[in-house]
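>>> Starting from these lines, generate the structure:
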Amino acid sequence: MLKKVSVDFSKSHDRIPRQDPGLEDSISQVWEQRSQGNSSLFNGQKFRYGGYCLDDDDGSTNEVPHVCLRLGLTDYRTFVGTNLSSLWEKFLVTSEDDSVRCRHTSSPLGNGAVIETSDKKIIVLRRSNNVGEFPGHYVFPGGHPEPTAVGIDYHQLENNVQTGEVLNKKVTQEMFDSIICEVVEETGIPASSLSSPLFIGISRRELNVRPAMFFYLKCSHHSDDIQRLYSSAEDGFESTQLHTVSLVSSLIHQGRKNHRLHVFYSLNVMISSRM
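Residues are numbered from 1 along each chain as shown. Predicted coordinates for the structure are as follows:
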């Protein structure tokens with residue numbers, strides 16, 4: 001099968017500091033303020049979303065579409081101090097190019113799952129009041145792919161092209177593996193009850209320009225079973241309620257108003273995790 005999703009993991013996709021010492025200093029100040037009020041905040045490494053390219057961008061006419069995600073490294077501290085800061089708009093620059101416009105923001109790549117139950121309902125969670133982002137809002141299950149899951153703590157200079165390609169494949173697989181882990185941990189649904197994740201596209205919030213990749217999964221359980229599974233979810237503390245809503249009426253704001261969802265593929269040609 002043709003590879004339909006790939007990753008270009010490189011230091012060149014890391015955040016570029018803004019040439020404003022006061023604004024850059026505010027990152028540490030915001031983190032200190034937020035972490036003092038919430039002991040659960042942890043400054044872990046995250047993949048930074050630096051944009052994407054499609055087959056069409058280079059004139060290719062492949063029958064199976066291919067998207068390449070450009071990823072660097074960032075951390076949660078910088079995310080809190082840029083995207084989640086009240087000063088987030090000051091980190092933006094005027095540009096039609098999304099990657100240029102957001103080059104001074106942390107922009108950690110999140111993920112979300114649109115999960116359809118066997119009776120055609122969609123699962124949403126209400127976030128707890130202890131989480132660092134949008135407490136109390138309704139969201140799709142999700143979180144972040146993790147650099148440490150593929151052994152990445154920092155950028156290493158890779159002179160071997162083959163080594164770089166192997167790392168890119170590992171990071172690509174983590175994009176799909178991570179959403180399964182997030183769904184299992186947040187909802188209690190066993191992985192064996194879920195279909196392979198199908199990639200829908202990347203969203204960029206109008207508010208704070210936070211990026212996330214979305215997947216579609218089918219669940220073999222009836223919606224009546226989901227509450228029972230949720231009661232034993234490993235990360236149930238991150239949310240306070242689970243709801244299943246009709247597929248027809250599932251227009252979810254997720255606390256993220258005015259989403260721009262870049263949908264690369266329609267549902268009947270979504271991206272499979274099988275490389």
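>>> isn't residue 198 right up against residue 215?
Yes. At 6.1 Å, residue 198 and residue 215 qualify as touching, with contact defined as Cβ atoms under 8 Å. Placement of C-beta: from N, CA and C, glycine included.
>>> Looking at these two, which one has more neighbours?
residue 215 (28 against 19; other Cβ atoms under 10 Å).
>>> which ones are touching that one?
Contact analysis of residue 215 by Cβ atoms under 8 Å, 6 or more residues apart in numbering lists 111, 112, 113, 114, 176, 179, 197, 198, 199, 200.
>>> That one - that's part of a helix, no?
No. Using DSSP: H, G, I helix; E, B strand; the rest coil, the assignment for residue 215 is strand, not a helix.
>>> distance of it from residue 141?
Between residue 215 and residue 141 the computed distance is 10 Å (Cβ to Cβ, to the nearest Å).
>>> Mind listing the shared neighbours of the two?
112, 113.
>>> Would you mind measuring from residue 191 to residue 185?
Distance from residue 191 to residue 185, by Cβ to Cβ: 10 Å.
>>> got it, and residue 241?
From residue 241 to residue 185 the distance is 16 Å (Cβ to Cβ).
>>> Same question for residue 42.
16 Å.
>>> which of those two has more neighbours?
residue 185 (16 against 10).
>>> can you tell me the helix or strand for that one?
If you go by DSSP states H and E, residue 185 is part of helix 161-187.
>>> helices or strands up against that helix?
strand 5-9, strand 67-75, strand 110-116, strand 121-127, strand 142-143, strand 211-218, helix 223-230 (3 or more Cβ pairs under 8 Å, 6 or more residues apart in numbering; DSSP states H and E).
>>> Please identify the buried residues of that helix?
For helix 161-187, burial by neighbour count (16 or more other Cβ atoms under 10 Å) applies to 167-187.
>>> Return the distance of the closest residue to residue 193 other than its chain neighbours relative to residue 135.
Leaving aside its chain neighbours, residue 193 sits nearest to residue 220 (4.7 Å; criterion: Cβ to Cβ, 6 or more residues apart in numbering). Residue 220 sits 32 Å away from residue 135, taking Cβ to Cβ as the criterion.
>>> ok, now residue 213?
Taken as Cβ to Cβ, the span from residue 213 to residue 135 is 23 Å.
>>> for residue 76, same thing?
Taken as Cβ to Cβ, the span from residue 76 to residue 135 is 16 Å.
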